[in-house]
Each structure stands twice: as structure tokens, then as C-alpha cells.
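# Here you go, sequence then predicted model.
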Amino acid sequence: MDALDGNAIGGLLIDVFGAEMTATASICGTCDATRPVAELVVYRQAPGTVVRCRTCSSVLMVFVKAHGVTGVDLSGLASLSQPESALIPADGKRQPCMPNEHADKEQGRDQHVTRTVHVDVG
Ligand SMILES: [Zn+2]
């Protein structure tokens, strides 16, 4: 089975938490290893996505998508540091996460530049 890293589930995490989480520090509930979510080991398999500790291979997070709803089990984590508004969106205070695309529009009108932007949210 091919192991991915946490970057592979960046989009999934945004769907679930409403925030970019790959840079978030996770703490393994088993061995206390601390590392960014992006560096965790991710297995995409039926019936869902399993995220494991890179140090001790304990299951940290499980995402199971069914009927359009993603179920999340974070019981393997000791901690997942994040803005409090990520899990509980309060007051709509979520920071807008806008790609820096707008600045390019004004500059690019005289240029015959075909720019290929590959946005990999996964
Ligand atoms: Zn661990």
C-alpha cells in the first residue's frame, strides 16, 4: 500500500475543519511525537483515510466519508493545535484564505504570458 503524507489530505482537512491544517502541529497520543500534519503518514484506503504517526505508526486520525458526510475520529491524537475557530466556527470570524491571484490581473494585461497554475489542494 502506498503511504502518502499529510499534504495529500490538505483538501480533506479543509473540508472537515474549515481551515488549512497541514501546518498544524499534531501530538501523537501514544508516543508524544510532535510534527506538522503534513508530515504524518496517510493511507487512503477503503472505507476511508487513515492517518498514522510517523514515529510509532499509531492511528491518529480516521476519516470516513459516507453519504456526503465525513466522519472523523481523532482519538489517537493527544493534541491538534489549531485556531479555536477552526473546529468551532464562531462569529464567522474565519480568516479569508484568498489566493494571491488578484494582484496579477493588473500586471498581466500587456503580457502574452500563459500561466499554468496548478493548485493542488490535496
Ligand atoms: Zn506516535
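Now that the structure is in, tell me what you want to look at. Numbering: from 1, shown residues only.

# Okay, the spatially closest residue to A3 that is not a sequence neighbour and the ion: tell me how far apart.
Among residues not flanking A3 along the chain, V41 sits closest, at 5.1 Å (C-beta to C-beta, 6 or more residues apart in numbering). Where C-beta positions appear, they are placed from N, C-alpha and C, glycine not excepted. Separation of V41 from the ion (C-beta to the ion, to the nearest Å) stands at 10 Å.

# which residues sit in contact with V41?
By C-beta atoms under 8 Å, 6 or more residues apart in numbering, the contact list for V41 reads 3-5, 51-54, 57.

# Tell me if the longest strand anywhere in the chain is near the ion.
Counting residues, the longest strand found in the chain (DSSP state E) is strand 59-66. No - judged by C-beta under 5 Å from the ion, strand 59-66 makes no contact with the ion; its nearest approach is 7.5 Å.

# who in this structure is up against the ion?
Going by C-beta under 5 Å from the ion, the residues of the chain near the ion are 28, 30-31, 33, 53, 55-56, 58.

# hmm, back to that, alpha carbons only: can I get the longest strand of the chain in CSV?
What follows is strand 59-66, C-alpha atoms only, in CSV (Å, rounded to 0.1, in the frame of the first residue of the first chain):
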residue,chain,number,x,y,z
VAL,A,59,-3.6,5.6,14.2
LEU,A,60,-4.0,9.3,14.9
MET,A,61,-6.9,10.2,12.7
VAL,A,62,-9.5,8.4,10.7
PHE,A,63,-11.8,10.0,8.1
VAL,A,64,-14.7,8.0,6.7
LYS,A,65,-16.9,9.6,4.1
ALA,A,66,-20.3,8.2,3.7
